[in-house]
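Asks: One predicted model, sequence on top.
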Amino acid sequence: MENLLASTIDTNSQPPLNGATAATAPVLQLTNIEKVYQTATIETVALNRVNLTINRGEFVSIMGPSGCGKSTLLSLMGLLDEPTSGTIEVDGRPVQSYSDKELAGLRNLKIGFVFQSYHLINDLSVLDNVELPLLYRPKLSGRERRQRAVAALDKVGLSARTGHFPSQLSGGQRQRVAIARALVGGPEIILADEPTGNLDSVMGEEIMDLLLGLNKTEGVTIVMVTHDIQQAMKTGRVVRFFDGSQVG
């Protein structure tokens, strides 16, 4: 958790390479990505020569059967793991050129994560859960952190639930809290792993409408892993995987 959230570095001060600018470079560029898991007896190819460009402001769905490499791909995009080979660029700069501290800063400032299982801390209130990523931004005062958390909860329609605990919320409300936590730092990219997977159809539609609204009205780039073809078809682009390879 600390590596996911901790940072004091301003990645905006790091210029993109090769003359690219933030306005023209894809926000994420994956080139010839391979990910291989090796044990003493078995070699498993999770991703095989994947080439994928995510442009700023896109809403992209990643689809495919279980075990095809979707979640592995999302972990690589979120800089939570490293590829076995290939290059990942953020705003035109290869992430291999970042120090560990810079990578932590990149995750904290540019990327928001939404998980199928919410990953909320049960002993913390809704407001404290949302505020958590901001604790690692020492330039923000306690008052500023609290104001940002309240504003993020207001965006997802939960401003009246700030003092509640996760156990007091429905599944859909908990996922809204998770989305507010992803939004609180003002990320450019949200990576969502099956965000409606644990919800009934009604709650799933509400969460999907919320993500679509964030993409359309605020320009947040979203990459979503999903098994739901109806949800995927609402997004701007569907990328399909099978056995670790991109098939469409």
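Replies: Right, received. Where do you want to start?

Asks: which residue sits closest to residue 127, ignoring its sequence neighbours?
Replies: Distance criterion CB to CB, 6 or more residues apart in numbering; nearest residue to residue 127, sequence neighbours excluded, is residue 162 at 4.1 Å. All C-beta atoms are positioned from the backbone trio N, CA, C, and that covers glycine.

Asks: which ones are touching that neighbour?
Replies: 125-127, 149-150, 153 (CB atoms under 8 Å, 6 or more residues apart in numbering).

Asks: Near residue 220, how many other residues are there?
Replies: 22 (other CB atoms under 10 Å).

Asks: What sits closest to it if chain neighbours are left out?
Replies: For residue 220, the spatially nearest residue (CB to CB, 6+ apart) is residue 214, at 4.8 Å.

Asks: so the one you found is in which element?
Replies: helix 201-218 (DSSP states H and E).

Asks: Touching that helix from outside, list them.
Replies: In this structure, residues lying in contact with helix 201-218 by CB under 8 Å, 6+ apart are 57, 59, 155-157, 170-172, 175-176, 179, 183, 190, 192, 195-196, 199, 220-222, 224, 228, 231, 234-235.

Asks: If any of the residues you listed are buried, put those into a PyMOL selection.
Replies: To isolate in PyMOL the members of the contacts of helix 201-218 that are buried, counting by 16 or more other CB atoms under 10 Å, one can use:
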select buried, resi 59+155+156+172+175+176+179+183+190+192+195+196+199+220+221+222+224+228+231+235
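
Asks: just checking, residue 195 is part of a helix?
Replies: No. Under DSSP: H, G, I helix; E, B strand; the rest coil, residue 195 falls outside any helix and is assigned coil.

Asks: Tell me who's in contact with it.
Replies: Applying CB under 8 Å, 6+ apart, the residues contacting residue 195 are 114-116, 175, 178-179, 207-208, 211, 224, 226.

Asks: now do residue 86
Replies: 30-34, 49-50.

Asks: Would you tell me what helix or strand it is located in?
Replies: Taking DSSP H and E as the criterion, residue 86 maps to strand 85-90.

Asks: so what strands line up beside the next helix or strand after that strand?
Replies: Counting by DSSP H and E, the next helix or strand C-terminal to strand 85-90 is strand 93-94. The pairing partners recorded for strand 93-94 under DSSP bridges are strand 85-90 (antiparallel).

Asks: Compute the number of surrounding residues for the closest residue to residue 120 other than its chain neighbours.
Replies: In space, and not counting its chain neighbours, residue 120 is closest to residue 166: 4.3 Å by CB to CB, 6+ apart. Residue 166: 18 surrounding residues under other CB under 10 Å.

Asks: mind checking how far residue 166 is from residue 130?
Replies: 11 Å (CB to CB, to the nearest Å).

Asks: wait, residue 245 sits on residue 52?
Replies: No. Judged on CB atoms under 8 Å, residue 245 makes no contact with residue 52 at a distance of 11.5 Å.

Asks: Have a look at the two and say which one is more surrounded.
Replies: Neighbour count, other CB under 10 Å: between residue 245 and residue 52, residue 52 has more, with 20 against 15.

Asks: Which pLDDT does the model give the more buried one?
Replies: pLDDT recorded at residue 52 is 95.

Asks: Specify the local secondary structure of it.
Replies: Secondary structure, three-state DSSP: residue 52 is strand.

Asks: which non-adjacent residue is nearest it?
Replies: Here the residue nearest residue 52, using CB to CB, 6+ apart, is residue 30, at 4.5 Å.
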